[in-house]
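[1] Whatever this is, show me its structure:
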Amino acid sequence: MNFKHLHYFWAVAKWGGIARAGERLHLTPQTLSTQLRQFEERCGVKLFRPAGKGIELTEAGRMAFSYADEMFSIAGELSDALHSLPADRPRSFRVGVSDVVPKSLTYRILAPALAGAEALRFVCREGKLESLLADLALHRLDLVLSDRPLPAGINVRGYNHRLGESGTGFFATPALAQQLAANPSPFPQSLHGQPLLLPGDDSALRQRLLAWFERERIVPRVVGEFDDSGLMKAFGRAGAGVFPVTLAVREEVIANYGVELVGTTDAVRESYFAISVERRVTHPAVRAVIDGASARLDGPASKA
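    Residues are numbered from 1 along each chain as shown. The predicted structure follows:
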């Protein structure tokens with residue numbers, strides 16, 4: 001539908017005739033008549049009929065006018081709303097965070113954007129990666145943080161920005177850590193047969209861990225699987241089992257959950273990505289996140 005023609009139709013119906021509408025629109029009656037005729041041909045119905053020396057709406061025309069009047073009324077409200085916004089209103093920064101990304105790490109990744117000179121209004125959404133990518137495609141989000149790049153075959157146009165990676169640490173309550181330390185076998189063989197908490201199927205770390213256990217001939221006793229990394233840590237704090245976490249947040253995990261570091265491995269590294277709809281990033285907050293993340297993530301296990 002040609003919305004210019006729709007606007008002309010609406011004006012003629014609203015102002016009661018072609019001559020009056022032409023005066024308001026600064027168009028000649030001949031031009032306006034031609035535009036209306038083209039609009040009727042496109043719609044496939046007559047919208048006006050002769051009435052004395054003028055014209056009136058047909059039944060189809062009255063229905064079309066009700067829709068058009070609502071549309072242009074809403075457009076007017078939108079214009080008023082945009083003009084009423086304060087000039088110093090902060091720019092919004094809408095971030096989607098995959099639920100497998102640790103909360104404390106999310107803050108550290110986003111911290112450079114917070115520290116920027118421009119005032120920002122953060123909007124953070126957490127959920128499954130596929131759902132967040134759908135919102136990104138609809139421009140409801142400016143950025144998605146994930147532990148894996150944009151999946152192949154998904155019908156979303158986006159670009160991966162690697163933020164960095166870190167080794168993996170295994171944590172446990174002091175009692176469980178002491179039990180593991182007393183094991184004659186050193187780490188990681190000390191994990192054999194011990195209770196273990198694992199990330200859920202949506203986590204990229206899970207498959208790397210399972211492959212590493214197989215290579216090391218370690219068979220832990222998996223007692224829980226968690227989609228939410230925070231929930232896994234809460235169970236670990238309660239003593240349910242040993243749990244793996246990226247070493248980038250080692251200090252926070254020890255301080256917040258009262259656990260000890262059992263051992264580390266650089267053979268299982270967790271990567272993090274920012275996914276945007278722009279190949280060349282223009283949003284200053286997105287740019288700050290991408291530029292500042294590597295200092296907070298990269299490094300071997302021994303330095304994390």
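[2] how many neighbours does Leu136 have?
    The tally of other residues near Leu136 (other C-beta atoms under 10 Å) stands at 22. Bear in mind the C-beta positions are built from the backbone N, C-alpha and C, glycine included.
[3] and what of Ala13?
    The criterion is other C-beta under 10 Å. On that basis, Ala13 has 23 neighbouring residues.
[4] For Glu77, see how far away it is.
    Remark: distance between Ala13 and Glu77 (C-beta to C-beta, to the nearest Å) = 20 Å.
[5] For this structure, which segments count as helices?
    With helices called from DSSP state H, the chain shows them at 3-15, 18-25, 29-43, 59-83, 103-114, 129-137, 174-181, 204-215, 229-237, 250-257, 284-292, 294-297.
[6] wouldn't Ser229 be in contact with Pro102 here?
    Yes - in this structure, Ser229 sits in contact with Pro102. The criterion is C-beta atoms under 8 Å, and the distance is 5.1 Å.
[7] Now for those two: what residues contact both?
    For the pair Ser229 and Pro102, residues contacting each of them under the criterion C-beta atoms under 8 Å, 6 or more residues apart in numbering are Val245.
[8] of those two, who's got more company?
    Neighbours were counted for Ser229 and for Pro102 using other C-beta under 10 Å; Ser229 has more, 27 against 23.
[9] For stretch 83-92, measure first residue to last.
    Terminal residues of stretch 83-92 lie 17 Å apart, using C-alpha to C-alpha, to the nearest Å.
[10] got it, and stretch 134-145?
    For stretch 134-145, the first and last residues are 14 Å from each other (C-alpha to C-alpha).
[11] per-residue confidence averaged over it?
    Confidence for stretch 134-145, expressed as mean pLDDT, is 90.
[12] same thing with stretch 203-212?
    Confidence for stretch 203-212, expressed as mean pLDDT, is 92.
[13] Repeat that for stretch 235-244.
    Along stretch 235-244, the predicted local confidence has a mean pLDDT of 97.
[14] Distance from it to the middle of the chain?
    The chain centroid and the centroid of stretch 235-244 are separated by 29 Å under C-alpha atoms, centre = their mean, to the nearest Å.
[15] Check stretch 195-214 too.
    Taking C-alpha atoms, centre = their mean, the mean C-alpha location of stretch 195-214 is offset from the chain mean by 24 Å.
[16] what about that stretch, start to end distance?
    16 Å.
[17] just stretch 131-143 next, same as before
    As for stretch 131-143, its first-to-last residue distance stands at 13 Å under the measure C-alpha to C-alpha.
[18] who does Val242 bridge with?
    Beta bridges link Val242 to Leu196, judged by DSSP bridges.
[19] In contact with it, which residues?
    For Val242, the contact set (C-beta under 8 Å, 6+ apart) comprises 170-172, 176, 180, 191, 194-197, 220, 236, 262.
[20] re the thing from before, if we compare the helices of the chain, which one ends up closest to Arg94?
    Taking C-beta to C-beta as the criterion, helix 129-137 is the member of the helices of the chain that comes nearest to Arg94, at 8.4 Å.
[21] the longest strand in this protein is where?
    Counting by DSSP state E, the longest strand found in the chain is strand 260-276.
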